[in-house]
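1. predicted model and sequence follow; I will ask about them next.
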Amino acid sequence: MQSPFPHLLEEFVVVTAPMERVERVITDEALMKRWMSPAVQFTPLDGWQFERGARWRLRLTGVGPLLEAGYVVVERRPGLVLWAFDGFWEGFDAWQWLPWQERSDQTLIHNRVEYRLRVPGLDLIWPLTVAPLMKLDAQAQMVRLRQVCEQREAVQFQP
């Protein structure tokens, strides 16, 4: 069955860090800001939370409200945050992390974004302009995410 979303952005990275540390890096505000793309502003609307129903707003930096989307957490469990989004684009953004090759000290992180564009005409220029830049940005974001996950001393905390 073909996806109803014609665009796909997908990245993987293996980090030398246990799942619990990865979970913290992906969901802690200060740590998330260290690896998130500077090309986007990702703002919580209900406070910094990832429970089902939590609302967020994504805006591409420097573009204004034209390229803005509302995000809502539709599924949340250990090892997964799944957002649905709607605005200039519509689709799903899934962050999943799981043990890598049955090792407790390595974790595979997978980010998959499936979407369709909702701004008339944007589909014509997207594949040759924004999509390649998004791919490069996503790859750089995964490098930063790995660096933050692997900095043990920076991620230790008191619960």
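-> Thanks, I have the structure now.

2. so is residue 22 in a helix, a strand, or just coil?
-> Following DSSP: H, G, I helix; E, B strand; the rest coil, we place residue 22 in the helix state.

3. residues contacting it?
-> For residue 22, the contacting residues are 15, 97, 107, 109, 149, by CB atoms under 8 Å, 6 or more residues apart in numbering. For every residue, glycine as well, the C-beta is placed using N, CA and C.

4. look up how far residue 128 lies from it.
-> Applying CB to CB, to the nearest Å, the value for residue 22 to residue 128 is 34 Å.

5. how far does the longest helix along the chain sit from the chain's center?
-> Longest helix in the chain, counting residues (DSSP state H): helix 130-150. Relative to the centre of its chain, helix 130-150 is centred 10 Å away, using CA atoms, centre = their mean, to the nearest Å.

6. how about stretch 92-104?
-> Counting by CA atoms, centre = their mean, stretch 92-104 comes out at 13 Å from the chain centroid.

7. same check, this time on stretch 37-56
-> 10 Å.

8. tell me which of the contacts of residue 22 fall in strands.
-> 15, 97, 107, 109 (DSSP state E).

9. now, the most widely separated pair of those residues?
-> The widest separation within the ones in strands among the contacts of residue 22, taken as CB to CB, falls between 15 and 97 and amounts to 8.5 Å.

10. mutual contacts of those two, please.
-> 22, 107, 109.

11. and the nearest residue in space to the second one that is not next to it in sequence, how far from residue 116?
-> Nearest-residue entry for residue 107: residue 22, 4.7 Å, with adjacent residues in sequence omitted and distances by CB to CB, 6 or more residues apart in numbering. Distance of residue 22 to residue 116, given as CB to CB: 29 Å.
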